[in-house]
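A.B. asks: Following is a predicted model, sequence given first.
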Amino acid sequence: MNQLSVDHLLGIKDLNENDIHLIFKTADNFKDVINRPIKKVPSLRDITVANLFFENSTRTKLSFEIAEKRLSADILNFAASSSSVTKGETLIDTVNNILAMKVDMVVMRHPNPGAAVFLSKNINAKIINAGDGAHEHPSQALLDAYSIREKYGEVAGKKVVIVGDILHSRVALSNIFCLQKLGAEVMVCGPTTLIPKYIAALGVKVENNLIKALQWCDIANMLRIQLERQDIKYFPSLREYIMLYGVNKKILDSLDKEITIMHPGPINRGVEITSDVADSGQSIILNQVENGVAIRMAILYLLAGKIITN
Ligand code: CP
């Protein structure tokens, strides 16, 4: 199959294993393109993409924007903080006004879970979810799994632990779906208060002891504590969290094997990982960012193909 089974990228939950392998194979080709002296291809010429960010972003926003430019798309950039949303305009009115300008695809980050699904049911454009609240962040999970495949040759059979604030993380849920569809074993690790009760029902292992989790895994994906989403205190102090769940070089060196460190960013250096871990040879954090462009080019290209065939 050279077509996705979905018309929008709303979450990894909707994708099948073939979709993920197709995105990876397409990203392999685009990775070659972006390493050439001439990094641009005409694949999305005459396609207009609106990047709608109702929540802050550095990596995802810039990565989609450069991916669209590399594919020769026309681009509209929208940030809620400087828009008429601040005057009370609704999501659907905002998007319909943007679509009246003849937009074909929408990349949207929104604080509310389900916002991308809502758009896909109410407007006539291809929707890419760039993160909806604590629900899903599909392009992040795809670039994470792609980076594991790049490092190890395949994702199947790998043991991946996701450490930290699982409760407030869209990256965790999308990673769990993506890694399991590709045949990896997944564990979550953190304080009980930051691990949702339902998580074991998804077939993941749960571990509260960081050292045991690191001894079990091949790869540790370290998450940021999302203080901006925390309405109550989930642990006594940041100092205690760092003591129990922060990874430093001494801990890595004490393991009887070399594990790979990942992080979706933004990093809180000195909290979930120290600088000597983030910047070490065991870290593939900047490879993840580099791979994000090729993965997002693949997503845009494959969904744009569906505009033409639908
Ligand atoms: N990983 C990620 O989503 O980062 P941004 O919030 O900077 O986009």
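C.D. replies: Done, it's in.

A.B. asks: all contacts plus neighbour counts: C-alpha atoms, from now on.
C.D. replies: Noted.

A.B. asks: Low-confidence ranges, the stretch 151-300 of the chain, go.
C.D. replies: Within the stretch 151-300 of the chain, the segments meeting pLDDT under 70 span 229-230, 232.

A.B. asks: which bits of it sit near the ligand?
C.D. replies: Selection of the stretch 151-300 of the chain residues close to the ligand by CA under 6 Å from any ligand atom yields 264-266.

A.B. asks: From these, keep the buried residues only.
C.D. replies: Buried members of these, scored by 16 or more other CA atoms under 10 Å, are 264-265.

A.B. asks: got a markdown table for the residues of the stretch 151-300 of the chain next to the ligand, with secondary structure and distance to A298 too?
C.D. replies: Converted to a markdown table, these look like this (DSSP: H, G, I helix; E, B strand; the rest coil; distance: CA to CA, whole Å):
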| residue | secondary structure | distance to A298 |
| --- | --- | --- |
| P264 | coil | 19 |
| G265 | coil | 21 |
| P266 | coil | 23 |
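
A.B. asks: Just want the most central residue of the protein.
C.D. replies: Q140 (1.6 Å; CA atoms, centre = their mean).

A.B. asks: Could you pull up the residues touching that residue?
C.D. replies: 171, 174-175, 264, 292 (CA atoms under 8 Å, 6 or more residues apart in numbering).

A.B. asks: and those residues as a markdown table, adding secondary structure?
C.D. replies: Formatted as a markdown table, the contacts of Q140 follow (DSSP: H, G, I helix; E, B strand; the rest coil):
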| residue | secondary structure |
| --- | --- |
| V171 | helix |
| S174 | helix |
| N175 | helix |
| P264 | coil |
| G292 | helix |
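
A.B. asks: Output those residues in TSV; the columns should cover distance to A145.
C.D. replies: Converted to TSV, these look like this (distance: CA to CA, whole Å):
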residue	distance to A145
V171	12
S174	10
N175	8
P264	12
G292	11
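
A.B. asks: And whichever strand or helix holds the residue nearest to the centre of the chain, what's buried?
C.D. replies: Counting by DSSP states H and E, the element that carries Q140 is helix 138-152. By neighbour count on 16+ other CA under 10 Å, the buried set for helix 138-152 is 138-148.

A.B. asks: try stretch 48-63
C.D. replies: 48-55, 59-61, 63.

A.B. asks: just stretch 278-288 next, same as before
C.D. replies: In stretch 278-288, counting by 16+ other CA under 10 Å, buried: 278, 282-285, 287-288.

A.B. asks: Residues touching that stretch, excluding its own?
C.D. replies: Residues contacting stretch 278-288 (CA under 8 Å, 6+ apart): 143-144, 147, 258-264, 269, 277.

A.B. asks: between those residues, which is nearest the ligand?
C.D. replies: Comparing the contacts of stretch 278-288 against the ligand with CA to the nearest ligand atom places P264 closest, at 4.3 Å.

A.B. asks: Quick one: residues contacting that closest one.
C.D. replies: Going by CA under 8 Å, 6+ apart, the list of residues near P264 reads 140, 144, 171, 221-223, 285, 288.

A.B. asks: which residues of the chain fall in helices?
C.D. replies: 17-34, 59-70, 91-99, 115-122, 138-152, 170-181, 210-216, 238-245, 249-254, 275-278, 285-309 (DSSP state H).

A.B. asks: No more questions from me, cheers.
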